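Undergrad: Just need the structure, nothing else, for what follows:
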Amino acid sequence: MLILPAERKLNWRKPPVITLLLIIINCAVFFGYQLKDGQIYEELAEDFQSSGFAEQEVKLYSEHLSKTDPETWASIPLDTDMGEEVLIGSLLHDLDFERSLRTNPDFPGSEWEMSRILIEKKRDKVSFVQYGFNPAQPSFIDAFVSMFLHGGFGHLLSNMVFLFIFGFALEAVMGRGAYLATYLLTGFAATGLYWAMEWQNNGFGVGASGAISGLMGAYLGVYRNRKIQFFYWIGPYFNFFKAPALIIFPIWLGKEVLGQLLASGNVNYWAHMGGLLGGAGIALMARPWLNLADDEVKEPEETPLMKSIRQFDGLMNELQYDKAQTLIERLYRDNPEDTNIIKRLYTLRKRKQDKSYHQLVLATIKLTRSPASDHLIGMMVKDYLKTPVLLKNDKISLFWINRLLTSAQHEEALLLIQHCFGKTENREQFLPALNKLVNHYRNRNEKQHKKLLAMLHSIKANKLEKAPA
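TA: Numbers count the residues shown, from 1 in each chain. The predicted structure is shown next:
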């Protein structure tokens, strides 16, 4: 079961700097530091096999595991090479087994002990052993560093996807400082519950999932009773639904409780629960002081127009495109300046790319200036260059380019001007726009700057050719 918020769209004009920085740090730690673990394990396995005590330890460990964790022991195919590899991999970082070895009468002062000490020293260089949080030996440094360690690439990838989904939305409404503080505090809350519930366990907790669960809890705490859109995926079924944010909290928490009670494996459900509880608690208690962006969390009043737009979205989700088109066309006739309606109508007309599609694009670039209309005319550029009928008209092209430049959408303006430059004989009309782009890309993008300069020079050379002798 998967339930994710689908309320906000990412605005790259206000990028989630802290979220992106956290993702970069996590990836840098994994690829720059943790990848060496594989080589260490290979060397460990070789040293262990050649120590002369491997067979003896594997047998002792099998007996130890059958008493301390019979379910895991029963799941290992003991009479196979793979089963032996699993046992060796586990015994090399089982601290409880190491402690039991010290009580073996044949161990103290023996060659076996000397060999074991050397193996353990090398093993302790593995990232999750060195800095993973061990409830039986708690450390503040380990609690912090372990937030940025992962058990493998799949673990890293899934965590970073969830970090981005929840992070960019929270950073936008909480502000960067409060958002970063929430991330770190919920990470410690996650580790705190893990420590409280497993304080006798010699394990190693690593990963950003505790802090990310904290962001999930904080997201619900920020939006509280506001109805927001969620995406759900249960088996073969998926769709969208709207519900008050806090209604989802017991579902998310219950999923983690069931995981702790029923699931097996290495998932740290206690940390997930600690993060969820900590994040929701922090957001609810600190909300009066968070200076949230009210326009982002305020529940909009339901109007007949909003109800009709929601009806359109429902028809689209149900793949009833004909009914959806009829509804949105009527709404557009009655509200030709509403960008929410235009955006939805555009997605439908774009499929056919007939005359009505080009008429809608033309009407959109002539809309009264606003942040929403500016965003729309920029969004249309890449799509429209596939069938650029309107761009055969120089006046329309120049109007669109200047509109983009006025709203600081330089990349989109550059795409249009590059297309038009090769299609028209009257290139001099683009001189003012070209000069603005040259100034913008100077010291920003050397490659684009050179291209624009070449375009400028070609216009000047053409003027000289036409000049009377």
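Undergrad: C-alpha only now, for contacts and for neighbours.
TA: OK.
Undergrad: quick one: Ile341 and Gln325 touch, right?
TA: No - if you go by Cα atoms under 8 Å, Ile341 and Gln325 don't touch, sitting 11.1 Å apart.
Undergrad: the more surrounded of the two?
TA: Each of Ile341 and Gln325 has its neighbours counted (other Cα atoms under 10 Å); Ile341 has more, 22 against 18.
Undergrad: Output the below-cut-off pLDDT ranges for the stretch 51-200 of the chain.
TA: Within the stretch 51-200 of the chain, no stretch has pLDDT under 70.
Undergrad: And the helices in it, which stretches?
TA: Secondary structure of the stretch 51-200 of the chain by DSSP state H, counting those that start in this stretch: the helices cover 54-68, 70-75, 81-91, 95-102, 111-123, 127-131, 140-145, 153-174, 176-197.
Undergrad: What residues sit buried inside the second one?
TA: This points to helix 70-75. For helix 70-75, burial by neighbour count (16 or more other Cα atoms under 10 Å) applies to Trp73.
Undergrad: Ser90: what's it in contact with?
TA: Under the criterion of Cα atoms under 8 Å, 6 or more residues apart in numbering, the contact list for Ser90 is empty.
Undergrad: quick revisit: any idea which of the helices of the stretch 51-200 of the chain gets closest to Thr387?
TA: Taking Cα to Cα as the criterion, helix 153-174 is the member of these that comes nearest to Thr387, at 33.2 Å.
Undergrad: by contact count, what packs against the closest one?
TA: helix 17-29, helix 209-223, helix 294-297 (3 or more Cα pairs under 8 Å, 6 or more residues apart in numbering; DSSP states H and E).
Undergrad: Now distance to Asp383, mean pLDDT and mean neighbour count too, for the ones you listed, in TSV please.
TA: Output for the helices and strands packed on helix 153-174, formatted as TSV (distance: least, Cα to Cα, whole Å; pLDDT from 0 to 100; neighbours: other Cα atoms under 10 Å):
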stretch	distance to Asp383	mean pLDDT	mean neighbour count
helix 17-29	27	95	17
helix 209-223	34	91	29
helix 294-297	29	54	12
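Undergrad: can I assume Ala271 sits in a helix?
TA: Yes - according to DSSP: H, G, I helix; E, B strand; the rest coil, Ala271 belongs to a helix.
Undergrad: so what's the residue lying closest to it once chain neighbours are set aside up against?
TA: Leaving aside its chain neighbours, Ala271 sits nearest to Ala190 (4.1 Å; criterion: Cα to Cα, 6 or more residues apart in numbering). Residues near Ala190 by Cα under 8 Å, 6+ apart: Gly210, Ala211, Gly214, Trp270, Ala271, His272, Met273, Gly274, Gly275, Leu276, Gly278.
Undergrad: low-confidence ranges in the stretch 351-469 of the chain?
TA: Judged by pLDDT under 70, the stretches of the stretch 351-469 of the chain that qualify are 460-469.
Undergrad: for it, what spans make up the strands?
TA: With DSSP state E, counting those that start in this stretch as the definition, the stretch 351-469 of the chain shows no strands.
Undergrad: Give me the distance between the most centrally placed residue in the chain and Ile228.
TA: By Cα atoms, centre = their mean, the chain has its centre lying nearest to Phe164, at 2.3 Å. Look at Phe164 and Ile228: by Cα to Cα, to the nearest Å, they are 18 Å apart.
Undergrad: What distance do you get for Gly192 to Gly154?
TA: Gly192 is 25 Å from Gly154, by Cα to Cα.
Undergrad: more neighbours, those two?
TA: It is Gly192, of Gly192 and Gly154, that has more neighbours when counted by other Cα under 10 Å, with 21 against 10.
Undergrad: Give me the nearest residue to that one, chain neighbours excluded.
TA: Gly274 (7.2 Å).
Undergrad: residue contacts, that neighbour?
TA: So Gly274 contacts Thr186, Ala189, Ala190, Thr191, Gly192, Leu193, Tyr194, Gly210, Gly214 (Cα under 8 Å, 6+ apart).
Undergrad: Tell me which helix or strand it sits in.
TA: helix 269-286 (DSSP states H and E).
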